[in-house]
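> Here's my sequence, what's the structure:
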Amino acid sequence: MFYEFIYPLYKHWTVFNVFQYITLRAAYAALTTLLICYIFGPRIIEALRRLKIGQSIRNDGPQTHLRKGGTPTMGGVLIILSVAAAVLLWQDVNSKMVWVTVLSFAGFGVIGFIDDFLKIKERNSDGLPPWGKLVLQFLLASAIALFLYANMRVSTVIYLPFLKNPVLDLGIWWIPFAVLLIVGESNAVNLSDGLDGLAAGLLIFVFITLAILTYLTGRVDFSGYLGIPYIPEAGELTIFCLAAIGACVGFLWFNAHPAEVFMGDVGSLSLGGVIAVISLLIKKELLILVIGGVFVLEAASVIIQVLVFKIKKKRVFKMAPLHHHFELSGWHETKVVTRFWILGALFSIIALSTLKVQ
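Take a look at the predicted model:
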């Protein structure tokens, strides 16, 4: 809105020329979401508590989590609304990349909302049946991938981290690859949302890294120097990433241990899905697995646990996802979260190092 209506005024007052700069709009997008979360967070939490929208705790989980039962959930709505407000205020709303990102974000949020709503309605931790959630995720991811392939002509070549040139052109097979990445990343973040502040903190590191990558990718000079693909509209996604950072920081204020509110599937599915979409748009679809390395480890621990148990009737971990294994090994919840945050920061540093080591 500011870019669309205020920036043209620079012809009369040069001071408005600053609105052309992505860095300024990104910074204020982060401040916008941060302030929205700080101002409206307590009111939304109180409304959730009044409506008895509380978390149902699994009986087979760590016993220390039982006291969290009834804590307000679906706090991800606050993240989605604040980011949507920041996008409308600070981004170029004529950009296709902006709209496909925002609509993907909202679409996965709707799936998460349905899942959370059913959990609250039935007063258990089941929600949507696993097959039902996957069907909805695959349908939405397929629509996104088809749109990117057919309407936005996103490149189908695949780059490996640390290598400058593409290694493979998937052609039409890029579509199922993109679908699997979107669904996988969305579920990986969802699995990681099991401890106070864990997912929100990790997502801050992921979006910081993506903000740097989108900005560099959208600059012809920087992308040329670094030998990465130049994608003209990618710079606008920097604003979305900074808005998401501000929202996650603002949400973490209330989600830090002991949590006053939980993100819920409405938050974790939407944030997981959108980081995958952004990685596809800027041709970092494999690097996102490094950036979100902790999410990959969390998802892998569940897959390994299920497969080994079905084959050998044995458990590899005391409990999956991985953060529960360390909890049951005697680590305090805050120690698990802090150490996973450190690991998440290391993965981000490794991912950014690939820009020069290629």
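> Just give me the residue closest to the centre of the chain.
Nearest to the geometric centre of the chain sits residue 271, at 2.8 Å (C-alpha atoms, centre = their mean).
> Run a quick check on it versus residue 189, I expect a contact.
Yes. If you go by C-beta atoms under 8 Å, residue 271 and residue 189 touch, sitting 5.8 Å apart. C-beta coordinates here come from the backbone N, C-alpha and C atoms, glycine included.
> So what does the residue nearest to the centre of the chain have for phi and psi?
Taking degrees, to the nearest 10, you get phi -70, psi -40 for the backbone angles of residue 271.
> if I look at it, how far off is residue 202?
Distance, residue 271 to residue 202, by C-beta to C-beta, to the nearest Å: 10 Å.
> go on, residue 324?
For residue 324, the distance to residue 202 (C-beta to C-beta) stands at 16 Å.
> Ok, residue 106 next?
Distance from residue 106 to residue 202, counting by C-beta to C-beta: 22 Å.
> So for those two, which residue has more residues nearby?
residue 202 (28 against 16; other C-beta atoms under 10 Å).
> Break down this structure into its helices, ranges please.
Along the chain, counting by DSSP state H, helices occupy 22-50, 76-90, 96-122, 130-150, 174-192, 198-217, 220-226, 234-255, 264-281, 287-291, 293-312, 322-328, 333-353.
> helices or strands up against the fifth one?
Other helices and strands packing on helix 174-192, by 3 or more C-beta pairs under 8 Å, 6 or more residues apart in numbering; DSSP states H and E, are helix 96-122, helix 130-150, helix 198-217, helix 264-281, helix 293-312.
> still on that earlier bit, looking at the helices of the chain, which is nearest to residue 156?
helix 174-192 (3.8 Å; C-beta to C-beta).
> In that closest one, which residues are buried?
Residues 174-175, 178-179, 181-192 are the ones in helix 174-192 that count as buried (16 or more other C-beta atoms under 10 Å).
> Sort out which one of the residues you listed lies nearest residue 46 for me.
Among the buried residues of helix 174-192, residue 190 lies closest to residue 46 (C-beta to C-beta), at 25.8 Å.
> per-residue confidence for the nearest residue to the closest one once chain neighbours are set aside?
Leaving aside its chain neighbours, residue 190 sits nearest to residue 268 (4.3 Å; criterion: C-beta to C-beta, 6 or more residues apart in numbering). pLDDT, residue 268: 96.
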